[in-house]
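K.L.:
What follows is a predicted structure for the sequence shown.
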Number of protein chains: 2
Amino acid sequence: MASKRLVVDVHTHLYLPRYASLLRERTTLPKIITRTRDDGRKDERLVILKDEPSGGRPIGPSYVERDEKLTFMKNHGIDISIVSTANPWLDFLQPKEAHRLSLQLSDDLEEYCSTGPTVTGTSMQLYGFGLLPIVSGISTESLLEAVRQISASSHLKGLIMGTRGVGKGLDDEALDPIWAAISEAGLTVFLHPHYGISEESWGEKNNGHVLPLALGFPMETTIATTRLILSGVFDRFPSLRLLLAHSGGALPQLSSRLASCIDHDPIVASRLKHDARFYLGKLYLDAVCYGPEELGFVSDIIARSNRYETSSKNVASGGRSSGSGRMLFGTDHPFFPPLSSSERWKSVVENLDAIENVQGWTEADKNGVKGGNAISLFNL
Amino acid sequence: MASKRLVVDVHTHLYLPRYASLLRERTTLPKIITRTRDDGRKDERLVILKDEPSGGRPIGPSYVERDEKLTFMKNHGIDISIVSTANPWLDFLQPKEAHRLSLQLSDDLEEYCSTGPTVTGTSMQLYGFGLLPIVSGISTESLLEAVRQISASSHLKGLIMGTRGVGKGLDDEALDPIWAAISEAGLTVFLHPHYGISEESWGEKNNGHVLPLALGFPMETTIATTRLILSGVFDRFPSLRLLLAHSGGALPQLSSRLASCIDHDPIVASRLKHDARFYLGKLYLDAVCYGPEELGFVSDIIARSNRYETSSKNVASGGRSSGSGRMLFGTDHPFFPPLSSSERWKSVVENLDAIENVQGWTEADKNGVKGGNAISLFNL
């Protein structure tokens, strides 16, 4: 089964040309600005927030050009990438424009993937996660139309989504028809952070982007997923496939505390069918956390989830092996490029090495996390 | 060595009578209010925040009475408790009052402990963490005086501290003389959350206190400790003993991501002597996270820290056993009482069971976490 040895990257971003053009034309944030460097060359930067310390995120060809993505994949032994638009997606647009653009961008992405190279036979090297126009004021019908279009695009395997929903977060019942349609279509939601948490947490010291990136991003994902659990979304839509960025952030480590806090609040507890830890076993998590101990722990948390099913007779956890089946390699390309020119990116090598070094994972588990699990989940 | 089998609780709170009186007399928040219940009985509630959904935290005799603490200990097989004032400590006071009260409360606590029962010989059942008047506008001399007084109190083994510092957080160089004095005195800082993170993260649904308690508290500790690491405090004060509440919150799970983010920011990286993961091995962590997988993981993270010492020749991690030596049992009493009358508290039993069920810990490791490590660390 040669396919079991393929390496699949489920966390890899791009800005499609149409999206980059939009950002270049904008006069308010977020927008792409062109800076002239000291050596006279020009470079582009995406400015998302006022007063970004670094003057914005450098946006080179690696964000836009398909050949750059393919070269990056080749240099790192990645056979298949499931690409997704990087944040901030369509979050800043008015409903009408978000709706129009979501359809166009999903079409663009389908073409980007379907006209790309193949791995073997009919398997492509590029698949994608589309976009919903999930902004404040959007109609349910517009969201459903975008889901239908993604579902009809054979190279799109799901959609990437932030945490704001239509303005009130993802625990908003207004999204129930969307979860239903996504579940029905067998699409995967790739939940990805953008907003972090309130910057007053970071204090006055200049620590660059370290605190919002290292802590704020995973905390945002943790909070959004916890709110989804508490709202009963996983009870109402048990077949919903949610893939969490950055290995679920802090949710695995805080999950027993979460269960204990729920347990001591009868009103919240009575709304849920199971112990909170049960729902973690229903998630998919990327393997983007840069350390083997973290990865092994996440697989423990998935493996133990059966113990926490109400009325379950399971008292023992499956081993780490069983938990690894819901974990999927990712790179976060083109973010975290090496500081000096290098074909192999340290950030990617760290995530690959982490998989290799998990105590208690078999070779088959490692191959699964590197690619086999994605091939099964997305039917590649 | 009978002492190895003693159970020591390092995370257990109280409000000393003087502190409770202060809160009863206050006219602004935080304050203790008396409510008359439907059955005509009165109960007291501590109101910390405006519009608390539950009308405040119920404050019964378990918060104030020493006999209640001792009964709780007896019911749970706890031999020794290192008690500390519960949040919000002195954070809300003006410097002069905070200074006066910190000295009085540390005296009160010394008396509370020293006049209590003994375990065996000269070992007492009660020890304490004192308080510093660490508020905005306080003088360094006042803080140092409080450190000296705690140091001179033979039953006080350190001090409990929130995350605000003197107004700018704990990564404020103004605190360097305090860290120096605490290190010099061999005292332990018990770092405990109170503020959580901005409540806009919690959304509009009524989830009781679940989100701020389950996520906000450990996230606050995570952020404060990360800011301490980034500020170089552990490089400047390598013998500083910091004990983190709730097993360090999310810091262990986010630590490799933190290291990677630092690694990609040369300015921040250049300020630190070691990879961020090294510093986690310098911490002490309570074992208050309610699950065996979480505890085992935390011990992995401590054990691996030697790999990340700059210029270290260590490439292998110590096993989980070696990491368990910095982990210390706690209960969080009198918080999380059982919902129905019960001698044995579920929240405590969960933490004890979690220790028993960690894969890869020996009986000696488990006894260490339950008490032996605290006996060594605090020289009880």
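P.N.:
On my side now, so go ahead. Residues are numbered from 1 along each chain as shown, chains lettered A, B, ... in the order given.

K.L.:
Where does A:Thr34 sit: helix, strand or coil?
P.N.:
For A:Thr34, the secondary-structure state derived from DSSP: H, G, I helix; E, B strand; the rest coil is strand.

K.L.:
Sorry, wrong one. I was asking about A:Val135.
P.N.:
Classification of A:Val135 by three-state DSSP places it in coil.

K.L.:
what ranges do the strands span in the stretch 251-380 of chain A?
P.N.:
Secondary structure of the stretch 251-380 of chain A, counting by DSSP state E, counting those that start in this stretch: strands at A:284-286, A:327-328.

K.L.:
helices or strands up against the shortest one?
P.N.:
To tie it back to what came earlier, the one meant is strand A:327-328. With contacts defined as 3 or more CB pairs under 8 Å, 6 or more residues apart in numbering or on different chains; DSSP states H and E, the packing partners of strand A:327-328 are strand A:8-14, strand A:284-286, helix A:292-304, helix A:373-377. The way it works is simple: take the backbone N, C-alpha and C, and place the C-beta from them, glycine included.

K.L.:
Any chance of the ones you listed in TSV with mean pLDDT, distance to chain B and mean neighbour count as columns?
P.N.:
Output for the helices and strands packed on strand A:327-328, formatted as TSV (pLDDT from 0 to 100; distance: least, CB to the nearest CB, whole Å; neighbours: other CB atoms under 10 Å in any protein chain shown):
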stretch	mean pLDDT	distance to chain B	mean neighbour count
strand A:8-14	98	13	26
strand A:284-286	98	12	25
helix A:292-304	98	4	26
helix A:373-377	97	21	21
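
K.L.:
okay, A:Ser54: pLDDT?
P.N.:
We note a pLDDT of 68 for A:Ser54 in this prediction.

K.L.:
before we move on, what about A:Met1?
P.N.:
Per-residue confidence (pLDDT) for A:Met1: 41.

K.L.:
Who are the contact partners of the closest residue in space to A:Ile301 that isn't next to it in sequence?
P.N.:
Leaving aside its sequence neighbours, A:Ile301 sits nearest to A:Pro252 (CB to CB, 6 or more residues apart in numbering or on different chains; 4.1 Å). By CB atoms under 8 Å, 6 or more residues apart in numbering or on different chains, A:Pro252 lies in contact with A:280, A:297-298, A:301, B:253.

K.L.:
cool, and A:Lys50?
P.N.:
A:Leu29.

K.L.:
now do the one 5 residues further on
P.N.:
Applying CB under 8 Å, 6+ apart, we find A:Gly55 in contact with A:35, A:45, A:47.

K.L.:
before we move on, what about A:Pro292?
P.N.:
A:Pro292 neighbours (CB under 8 Å, 6+ apart): A:353-359.

K.L.:
Repeat that for A:Ile182.
P.N.:
With CB under 8 Å, 6+ apart, A:Ile182 has these contacts: A:147, A:158-159, A:189, A:240.

K.L.:
cool, and A:Phe237?
P.N.:
Counting by CB under 8 Å, 6+ apart, A:Phe237 has contacts A:176, A:179-180, A:183.

K.L.:
now do 10 Å
P.N.:
A:176, A:178-180, A:182-184, A:228, A:282 (CB atoms under 10 Å, 6 or more residues apart in numbering or on different chains).

K.L.:
Throw those residues into a markdown table and include pLDDT, distance to A:Asp263 and secondary structure, thanks.
P.N.:
A markdown table is the format used below for these (pLDDT from 0 to 100; distance: CB to CB, whole Å; DSSP: H, G, I helix; E, B strand; the rest coil):
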| residue | pLDDT | distance to A:Asp263 | secondary structure |
| --- | --- | --- | --- |
| A:Asp176 | 98 | 26 | helix |
| A:Ile178 | 98 | 30 | helix |
| A:Trp179 | 98 | 26 | helix |
| A:Ala180 | 98 | 29 | helix |
| A:Ile182 | 98 | 30 | helix |
| A:Ser183 | 98 | 28 | helix |
| A:Glu184 | 98 | 33 | helix |
| A:Leu228 | 98 | 19 | helix |
| A:Lys282 | 97 | 19 | coil |
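
K.L.:
Narrow those residues to those that are buried.
P.N.:
A:178-179, A:182-183, A:228, A:282 (16 or more other CB atoms under 10 Å in any protein chain shown).

K.L.:
Identify, from these, the entry nearest to chain B.
P.N.:
Distance to chain B, by CB to the nearest CB, is smallest for A:Leu228 among these, at 10.6 Å.

K.L.:
does that closest one really touch A:Leu170, like I thought?
P.N.:
Yes. Between A:Leu228 and A:Leu170 there is a contact under CB atoms under 10 Å: 5.4 Å.

K.L.:
anything in contact with each of those two?
P.N.:
With CB under 10 Å, 6+ apart, A:Leu228 and A:Leu170 have common neighbours A:163, A:179, A:191, A:242.

K.L.:
Tell me how many other residues surround the closest residue to A:Arg26 other than its chain neighbours.
P.N.:
Spatial nearest neighbour of A:Arg26, excluding adjacent residues (CB to CB, 6+ apart): A:Ile32 at 7.9 Å. Neighbours of A:Ile32 under the rule other CB atoms under 10 Å in any protein chain shown: 21.

K.L.:
Show me what A:Ile32 bridges to in the sheet.
P.N.:
For A:Ile32, the beta-bridge partners are A:Leu46 (DSSP bridges).

K.L.:
Now for it: which residues touch it?
P.N.:
A:15, A:19-26, A:44-47, A:56-57, A:59, A:63.

K.L.:
now swap in A:Leu258 and tell me
P.N.:
With contacts defined as CB under 10 Å, 6+ apart, A:Leu258 is in contact with A:222, A:226, A:229-230, A:251, A:275-277, A:279-280, B:210-211, B:213-215, B:218, B:290.
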